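Colleague: Need coordinates for the following:
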Amino acid sequence: VIGTYRTRSLLCDQLEDMGATLFQCDLEDTISVNSIIKDINDLDSWETLTLAAGHQDPVGKFLDCDFEKWEQSINVNFIRQLNFVHELMQNKSQKRSSVLFFAGGGTNNATIAYSAYTVSKIALIKMVELLDAEILDTSFSILGPGWVKTKIHQSTIKAADEAGENYEKTIQMLENEGSKCYPIEKVIDCCDWLLSSSRDLVGGRNFSAIHDPWESDKINLILDDSNIFKLRRFGNDFFEIK
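Modeller: A predicted model of the protein is given here:
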């Protein structure tokens, strides 16, 4: 297992004690990204690649945001993750390889105050489909984990009023040690399922850990519809107004 971290923690020590190889990497730093990519490529080939990095900053309406910070958010949440994929594909396993990204909230509506984060996630959803269509020997998929108790929500709490109604929702979801949040263990189970499933089933698709029946054989029904769980404008046909 090879992984990256931005901030060193006790968990890093525990993972290394279990045999993992970890590299410090800051996705806001191009030099750091390129250096880590080289270090990873110098190691053995990989079979599964999971990209779960991201943050919600800057929180606030688009015209109120510092544009450089807005642009940097796009880089972290979208561009730099694809940088890893672009450069690591040369060292993937010749047997089977799977790549998993993470989607996020706001992709189904106009979530005020989170434009950079939301646009990045929508771009990843489409990029997964494009990569799946272009690279036929690798399975690309993306997962929306739902509300999970992680430090990503600190951006909303710090922004307070600038986060709008999402501030109160976040406070409520994190009450009682995040008991209302979706269990991280279930998210991991769903990741394992996606990374081990056939490309025909999961390739190019955007899954929801909470709403999709991935634990049931019913999920195989999506094999009959190449458009389901993808970014589409279906159901939006124009009808003459009388």
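Colleague: and the residue nearest to the spatial centre of the chain, what does it touch?
Modeller: Centroid-nearest residue in the chain: residue 102, 1.6 Å away (criterion: CA atoms, centre = their mean). When contacts are counted by CB atoms under 8 Å, 6 or more residues apart in numbering, residue 102 touches 51, 52, 54, 124, 142, 143, 144, 145. C-beta coordinates here come from the backbone N, C-alpha and C atoms, glycine included.
Colleague: ok, the first one - how many residues close by?
Modeller: Here the count is done by other CB atoms under 10 Å, and residue 51 has 18 residues near it.
Colleague: quick revisit: just give me the closest of the contacts of residue 102 to residue 3.
Modeller: Distance to residue 3, by CB to CB, is smallest for residue 52 among the contacts of residue 102, at 10.0 Å.
Colleague: distance of that closest one from residue 82?
Modeller: To residue 82, residue 52 is 14 Å away according to CB to CB, to the nearest Å.
Colleague: Likewise for residue 5?
Modeller: Separation of residue 5 from residue 82 (CB to CB): 20 Å.
Colleague: do the same with residue 217
Modeller: Applying CB to CB to residue 217 and residue 82 gives a distance of 33 Å.
Colleague: So the spatially closest residue to residue 82 that is not a sequence neighbour: helix, strand or coil?
Modeller: Excluding the flanking residues, the one nearest residue 82 by CB to CB, 6 or more residues apart in numbering is residue 127, at 6.6 Å. Secondary structure, DSSP: H, G, I helix; E, B strand; the rest coil: residue 127 is helix.
Colleague: Next one, pLDDT for residue 127 please.
Modeller: What the model reports as pLDDT for residue 127 is 97.
Colleague: ok, it touching residue 86?
Modeller: No - using CB atoms under 8 Å, residue 127 makes no contact with residue 86, being 11.0 Å away.
Colleague: more neighbours, those two?
Modeller: residue 127 (18 against 11).
Colleague: Run through the residues that contact residue 207.
Modeller: 141, 142, 143, 144, 190, 194, 214, 229.
Colleague: Kindly report the same for residue 18.
Modeller: Residue 18 touches nothing, counting by CB under 8 Å, 6+ apart.
Colleague: how about it, phi and psi?
Modeller: With angles defined as degrees, to the nearest 10, residue 18 sits at phi -90, psi 0.
Colleague: now do residue 84
Modeller: phi -60, psi -50.
Colleague: Let me see the confidence value for it.
Modeller: 94.
Colleague: my read: it touches residue 33, true?
Modeller: Yes - with contacts defined as CB under 8 Å, residue 84 counts as touching residue 33 at a distance of 7.4 Å.
Colleague: which residues in the chain form helices?
Modeller: 10-17, 30-41, 67-74, 80-88, 115-134, 154-159, 165-178, 184-196, 199-202 (DSSP state H).
Colleague: rewinding a little: for residue 139, see how far away the residue nearest to residue 82 is.
Modeller: On the measure of CB to CB, residue 127 and residue 139 end up 14 Å apart.
Colleague: before we move on, what about residue 70?
Modeller: Applying CB to CB to residue 70 and residue 139 gives a distance of 32 Å.
Colleague: Those two: which is more packed in?
Modeller: Ranked by neighbour count (other CB under 10 Å), residue 70 and residue 139 place residue 139 first, with 27 against 17.
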